[in-house]
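Peer 1: Predicted coordinates and the sequence they were generated for:
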Amino acid sequence: MSAPDLTTTLLNCQSPDPAVRTAAEQTLAQAEQTNLADFFIALATELATEGKDVTVRQLAGLHFKNLLVAKDDAVQTEKHNKWKALPAENRSVIKATMIGTIRSPVQTARHTAAQACAEIATVELPYKEWPEFLTTLMENVTSQQLDDGVKISSLECLGFTCERIALVSDAPEIAPDVTDLMLTTIVDGIRSDRPDSIRLAAATALRNSLSFTRKNMENENERNMIMKTICEATQSSDARVRAAAYECIVQIAFQYYDKLQAYMQTLFQLTFGTIRNDEESVALQAIEFWSTLAEEEMELIDVAEELALSGQPVPQDQVCVGYVKAALEHLCPLLTETLTKQDEDLEVDDDQWNLSMSGATCLTLVANTVEDAVVPAIMPFVQQNIQSENWRYREAATMAFSSILEGPSAEAIGPYVNQSIPVLLNALSDSNDLVKDTTAWTLGRICDLHVRSIPEETFPTLVNGLASKLLTESPRVASQACFGIHNLAAAFQHDNAAATSGTNALSPYMPSLLQTLLQVVDREDASESNLRIGAFEAISVLIQNSAPDVLNVLMQLLPAIIDRLAQSFNMPAVSNEDKEQKEGVQGLLCGLIQVVAIKTTKEQILPYCDSIMTNFLQVLQTKNATCHEEALSATSQIATILEADFLKYMAALQPFLMAGLRNFEAYQVCTVAVGLVGDISRAIEDKMQPFCDEIMSALIEALQNASLHRSVKPPVLSCFGDVAMAIGAAYEPYLQLSLMMLLQAAQTRAPEDDDDLIDYVNGLREGILEAYTGIVQGLKDGGRVDLLHPYIDAIMGFLEMLASDRKNDYDNEVLGKAVGLIGDLASSLGGTVKEQLRQPYVMDLLREGHATGDETIMETSNWANSMVQQVLTC
């Protein structure tokens, strides 16, 4: 493409005319496909040509960069491979042109070239290519002749490069001589005699480079030099440089905790002075240092506890020094001081990060790190100020109390929680909105973390106090009140007493709470501060944890919820926001119907089911994935309750069920649809058969779809078993293909060091075992177990592999299901599997199952063993 044509095409890509814009984009795509090397050269030349329109130069550079960048790892690798495949002489021309443009007198061109060069360096530096890159940038930074703008762009380029390399998966480790040169260049730029604009660029680059400087940080002299340079930068006259320097210190605390000891006294003095006296942007980073220290120490304490359980020593580089606890006496007063620096011009609903918020977050982390030790350090401030005449101190004291609720033991903090309830309930009526908001939040956290510390006689006052704020206060305060009620209700989740007594402490308040919360949903401002969602979630948890004596209340509520859902389809939706709000409400109402249904019997809910399903089917006609997820999930519950009577809805539901099964993009919907197939199979059993061709086809498609999220595949495999159990011998047409899929899935392995993948493989194996179990039982019930004979060796081979290769099966889920399958094979196939059952791995699995100590698995093992013995002795 000629230069004039490229200039015109790049400008046309910005045209307001869609036809012109599309044609230009197609022309660029064609140039890329025709000759990628020439296209790269043309773009680099366009960016490098002085005198050209700066917009065109910038567009050329950005398009160049985007040819090497992708969010998806696979696409990113493909783009990098295309670059590597270019002829070396072409790449040399492109690189020389690009890096030369960093010296352009035009700032926009320099900056864009820095971004583009960083993308090339991301591909080449890990493979020790492009040695001129670092030497040129170092020359740019250290040269006396070059403009400061060139130095800034060169340092920016280094920073971009470090940032990008850190994000590339599977990139080789950067060679030490490369990181040395990077670091030398950056440190030269951050020197105290440099202008602030250069120091800022250098400090930012240093922060990004710290991922690659482990070798340098291990060397005491080099480490001292790095720390000295950074600490000097915290004293710059430019707040941006000071903040950037503290960002480096935060990163060092995160990555090199074990190297901090020699510098802590200096860092203690620097951060404390900055938090107390510097501009907010800088003070925030100084607080972040202590937050990061607390997080690191929390993790190290956990590691030490885990190692202690197994009798292992803590490695030297993982020892928790206890900096936070040592500083507690001085740190706590400093943090409570920051809590009093609220921004009075900030609306309560604004979530803008400020000093008081940062201080509260830090204090929360400190409390989780030092646990009980934080209580005597903070409670005097709380007690002294929680009823202060100054609203700032009332709010700060309440926030401080809230921040230490998690971490300390119930014995340490419980007595204060007990005493706080009347004071906090009174503060819900405070004249200041921020005080009310923080108070409601604190009560919510108490209900979540310390519900056992709430005095029984205070419970009615607490419930009524929170409920009284639902309709009268701002959305933010009302939302926090919903949060409190939600947590109070959640505390009854494991309350077994309700099953025997028929009631619980919530029962007297259920009618009024449910009615009030439904009114909250209708508030005109309910879309603010997540109030509507908070109210729906509170209703849901109240229903889930309700006692039997409020069932009549729930049955009165059900038609009202169904009616709300029916009416929601008539809600006007002029804007996208209206549409999202409408569909959000529909999804939440489906969820409420589901939780009510769980509490009912078939006879109780049957009169409402036609209306419920009609509304669910209408919800499924929307184009909102969350709505589909909620509607399909609720339909599962209706199918479970109705059992065979659910058949009447299948013809109408089938198209929507199929759409869900094939919704590979919104994989959560696909997962719920797969679960629904299982529930319907159990509900209508052999009446499922007419619908199975389509369903099985969609399940196979899901397994074959490479882009489908891997979490969907285990339930899909398990679903084969559900369908087989339902239709028995009629499963024959699907047997060969589904068993082939199971065999393929069984080959999946995980690396020893990848816990996430190990967990996924365990889930996959559970799905395979559930599928085999369902297929065996289904064919046995249908009298066609003989169909399994050709596949027995493959199934037994899978069991043999499980006997020797199980990782992280901590709950013995895989083992339990493997033992169950052995029993099913023995009882279903009898003497035809006698030789396979003689194999040592069979008895190994049965012995392991019996040794778990888990009652259910032991019982299954005993049964399976008896089945095996019957076969072996006959």
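Peer 2: Done, it's in.

Peer 1: right, and the helix or strand after the lengthiest helix in the chain?
Peer 2: Scanning the chain for the helix with the most residues, using DSSP state H, yields helix 280-309. As assigned by DSSP states H and E, the chain's next helix or strand after helix 280-309 is helix 323-339.

Peer 1: Could you tell me the average pLDDT over that next one, please?
Peer 2: Across helix 323-339, the average pLDDT comes to 96.

Peer 1: tell me the angle it makes with helix 280-309.
Peer 2: Here the directions of helix 323-339 and helix 280-309 differ by 150 degrees (axes from the mean of the first three to the mean of the last three Cα atoms, to 10 degrees).

Peer 1: So which bits of helix 323-339 are buried?
Peer 2: Of all the residues in helix 323-339, those buried under the rule 16 or more other Cβ atoms under 10 Å are 323-325, 327-328, 331-332, 334-339. The way it works is simple: take the backbone N, C-alpha and C, and place the C-beta from them, glycine included.

Peer 1: With stretch 668-686 instead?
Peer 2: Within stretch 668-686, the residues scored as buried using 16+ other Cβ under 10 Å are 668-681, 683-685.

Peer 1: do stretch 773-784 as well
Peer 2: By neighbour count with 16+ other Cβ under 10 Å, stretch 773-784 contains the buried residues Thr773, Gly774, Ile775, Val776, Gln777, Gly778, Leu779, Lys780, Asp781, Gly782, Arg784.

Peer 1: Show me what the helix or strand containing the third one packs onto, helices and strands only.
Peer 2: This means Ile775. If you go by DSSP H and E, Ile775 is part of helix 755-781. Judged by 3 or more Cβ pairs under 8 Å, 6 or more residues apart in numbering; DSSP states H and E, the packing partners of helix 755-781 are helix 713-727, helix 732-746, helix 792-804, helix 813-829.

Peer 1: I'd say Ala121 and Phe133 touch.
Peer 2: Yes: assessed by Cβ atoms under 8 Å, Ala121 is found in contact with Phe133 at 5.3 Å.

Peer 1: ok, back up a step: the longest helix of the chain: how far from the chain's middle?
Peer 2: 20 Å (Cα atoms, centre = their mean, to the nearest Å).

Peer 1: and that helix, what does it pack onto?
Peer 2: Packing partners of helix 280-309 (3+ Cβ pairs under 8 Å, 6+ apart): helix 239-255, helix 264-277, helix 323-339, helix 355-370.

Peer 1: angle of it against helix 355-370?
Peer 2: Going by the same axes, to 10 degrees, helix 280-309 makes 10 degrees with helix 355-370.

Peer 1: So for the residue nearest the centre of the chain, what's the pLDDT?
Peer 2: Most central in the chain under Cα atoms, centre = their mean is Asp756, positioned 13.5 Å from the mean C-alpha point. Here, the pLDDT recorded for Asp756 equals 87.

Peer 1: can you check the one 5 residues further on too?
Peer 2: Looking at Val761, its pLDDT is 92.

Peer 1: Distance check, it against Gly774.
Peer 2: For Val761, the distance to Gly774 (Cβ to Cβ, to the nearest Å) stands at 20 Å.

Peer 1: go on, Thr234?
Peer 2: 64 Å.

Peer 1: What about the closest residue to Val585 other than its chain neighbours, how many residues nearby?
Peer 2: Nearest non-adjacent residue to Val585, counting by Cβ to Cβ, 6 or more residues apart in numbering: Ser568, 5.6 Å away. Other residues within reach of Ser568, judged by other Cβ atoms under 10 Å, total 17.
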